[in-house]
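Novice: Here is the input, now give the coordinates:
(one chain, ligands or ions: 2)
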Amino acid sequence: MSIFWNVWIIGLTLACLALVIWVLFANRKVAIKDDEEPENRTTGHVYDGIEEYDNPLPKWWFQLFVGTLVFSAIYLVWYPGLGSFPGIGGWTSENQLQREHEKARVVQEEIFGAYTQMSIEELAQDNNAMKMGVRLFANNCAVCHGADGGGNYGFPNLTDKDWLYGGTPEKIKETLLHGRAGNMPPWGAIIGEANVLAVTEYVLAMSGREYDKAQLEQGGKVFKQNCAACHGADGTGNQLLGAPNLVDNIWLYDGTREGIAQSVRNGRANVMPAQKDMLQEEKNPPVGSLRLQSVARSLNPEWPPFWWPLFQRVR
Ligand code: HEC
Ligand code: HEC
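Specialist: Ligands and ions are numbered 1, 2, ... in the order given. Okay, the predicted model is just below:
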């Protein structure tokens, strides 16, 4: 705070206090002598026959007022109120916040501490942890993955056993903490439209769908040359790259003939945002570890949790 504002605030505050004190004491005494008859102690003002008396301030009221003045004096000495004078109590809103955080941390430690020691499997048996997982999912994940985890166009279904990046607790944890970015380059310009259509037939054949036999051989060649590196020679995908399994007839995008051709022609890319901050694993280890584990656990269909019926709708 600059010196000007410092002086301004301190001056204004003290001047106001002084003014109030002066007004109080200046009005305390009655102008009229005590020995006068009570009936005569009027100010002389008469309104429609009603006379104004000039009585002293009631004692209780006067004392209350002095009390507030004393309070404000102590307040201004103890707390920061006078310009940049910090007050002798050392209070700041920052250290108050810190104290409250510390209190909350202790409470959280009591509630969540035990969960830090638990494995994901153990958490799966803990109803409270699982309830938390469901709520976290609804608040943070459902927008993209659907309220029932069933996914959406471009957003993977989390209730099937088809994993882009792997469905073990460790892999899911990795997905959640750091996010994922699947990237399939566009092939249209590189291999040409005829080859796009041919390889589409090959992908349809791999996933057990109806396909055009005439194009199979050419499609197979294109696949081996351009696609196998990521999707695997047998088309089962690569979880290190998030390259989807193309033989299971489960589609992240559009699984129609034209949809697959689109994926090949124009490429596909999508991002799973990292959930590190939401999960607070670093900021608040006990809470973070529970959040992370309960969310991760809630997604692994290998161990149906107690609220499984929620997800059964889509299976
Ligand atoms: C902004 C949208 C969005 C939000 C929010 C989101 N995700 Fe995702 N998630 C995605 C996308 C997109 C992918 C697929 C990424 C890709 O295509 O490579 C994905 C992938 C995943 C995967 C990997 C699936 C697999 O098959 O390997 C898991 C697990 C996952 N998300 C869980 C979650 C959880 C749990 C949350 C909430 C804490 C969440 N996601 C929040 C968009 C989102
Ligand atoms: C650099 C690695 C890479 C190469 C090469 C590649 N893909 Fe992909 N492909 C991916 C990734 C990663 C995705 C998922 C994109 C996403 O998560 O948004 C994908 C998605 C797809 C999809 C959509 C799958 C679905 O479930 O909707 C199809 C179809 C596909 N690729 C076919 C092909 C074909 C055919 C080729 C060869 C012409 C090919 N890919 C080459 C990495 C690759």
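Novice: which residues touch the helix or strand where Leu69 lies?
Specialist: Secondary-structure element containing Leu69, defined by DSSP states H and E: helix 59-78. Counting by CB atoms under 8 Å, 6 or more residues apart in numbering, the neighbours of helix 59-78 from elsewhere in the structure are 13, 17, 20-21, 24, 28, 81-82, 87-89, 91. Every residue, glycine included, has its C-beta placed from N, CA and C.
Novice: Give me the buried positions along that helix.
Specialist: Taking 16 or more other CB atoms under 10 Å as the basis for neighbour counts, the residues of helix 59-78 that come out buried are 65, 76.
Novice: where's Asn139, which helix or strand?
Specialist: Assigned by DSSP H and E, Asn139 belongs to helix 127-140.
Novice: Close to ligand 1: what parts of this structure are there?
Specialist: Remark: the part of the chain in contact with ligand 1 comprises 140-141, 143-145, 154-156, 158, 163-165, 172, 175-176, 180-182, 242, 270-273, 275, 295, 299, using CB under 6 Å from any ligand atom.
Novice: Show the buried residues in the residues you listed.
Specialist: Listed as buried from the residues of the chain next to ligand 1 are 140-141, 145, 155-156, 158, 163-165, 172, 175-176, 180, 182, 242, 270, 272, 275, 295, 299; burial here means 16+ other CB under 10 Å.
Novice: what about the stretch 51-200 of the chain, any weak spots by pLDDT?
Specialist: Counting by pLDDT under 70, the low-confidence segments of the stretch 51-200 of the chain come to 120-121, 124.
Novice: near ligand 2, which residues of it show up?
Specialist: Proximity of the stretch 51-200 of the chain to ligand 2 is confined to 182-185, 187, 199 under the rule CB under 6 Å from any ligand atom.
Novice: How about the stretch 201-315 of the chain?
Specialist: Within the stretch 201-315 of the chain, the residues that sit near ligand 2 (CB under 6 Å from any ligand atom) are 203, 226-227, 229-231, 241-244, 246, 251-253, 260, 263-264, 268-270.
Novice: For ChimeraX, write the selection for the buried entries among those.
Specialist: Written as a ChimeraX command, the selection of buried residues from these, which uses 16+ other CB under 10 Å, is:
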select :203,226,227,230,231,241,242,243,244,246,251,252,260,263,264,268,270
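Novice: Could you list which of the residues of the stretch 201-315 of the chain next to ligand 2 belong to helices?
Specialist: Secondary structure defined by DSSP state H assigns 203, 229-231, 260, 263-264 of those to helices.
Novice: Provide a list of residues in contact with Asp126.
Specialist: Contacts were defined as CB under 8 Å, 6+ apart; by that measure Asp126 touches 115, 118.
Novice: ok, it to Val106 distance?
Specialist: Asp126 sits 22 Å away from Val106, going by CB to CB, to the nearest Å.
Novice: Tell me the confidence at the residue nearest the centre of the chain?
Specialist: Per CA atoms, centre = their mean, the C-alpha nearest to the average position across the chain is that of Met278, at 5.4 Å. Note on Met278: pLDDT of 73.
Novice: Reduced to three states, what does it come out as?
Specialist: Assigned state for Met278: helix (three-state reduction, DSSP: H, G, I helix; E, B strand; the rest coil).
Novice: And it, how far from Asp48?
Specialist: With distances taken as CB to CB, Met278 is found 72 Å from Asp48.
Novice: do Phe62 as well
Specialist: Separation of Phe62 from Asp48 (CB to CB): 30 Å.
Novice: Report the contact partners of the closest residue to ligand 2 within the stretch 101-250 of the chain.
Specialist: Ligand 2 sits closest to Gly182 of the stretch 101-250 of the chain, with a gap of 2.2 Å, by CB to the nearest ligand atom. With contacts taken as CB under 8 Å, 6+ apart, Gly182 has the following neighbours: 164, 241-243, 268-271.
Novice: Check these and tell me the two furthest apart.
Specialist: Ala243 and Val271 (15.4 Å; CB to CB).
Novice: Spatially nearest residue to Leu197 (excluding sequence neighbours)?
Specialist: In space, not counting the residues next to it along the chain, Leu197 is nearest to Ala261; the distance is 6.3 Å by CB to CB, 6 or more residues apart in numbering.
Novice: State the number of residues packed around the one you found.
Specialist: Neighbours of Ala261 under the rule other CB atoms under 10 Å: 20.
Novice: which residues touch it?
Specialist: Ala261 sits in contact with 196-197, 200, where contact means CB under 8 Å, 6+ apart.
Novice: Kindly indicate which of the ones in helices among the residues of the stretch 201-315 of the chain next to ligand 2 lies nearest Thr116.
Specialist: In terms of CB to CB, no member of those lies closer to Thr116 than Cys230, at 37.9 Å.
Novice: That concludes my questions; thank you for your assistance.
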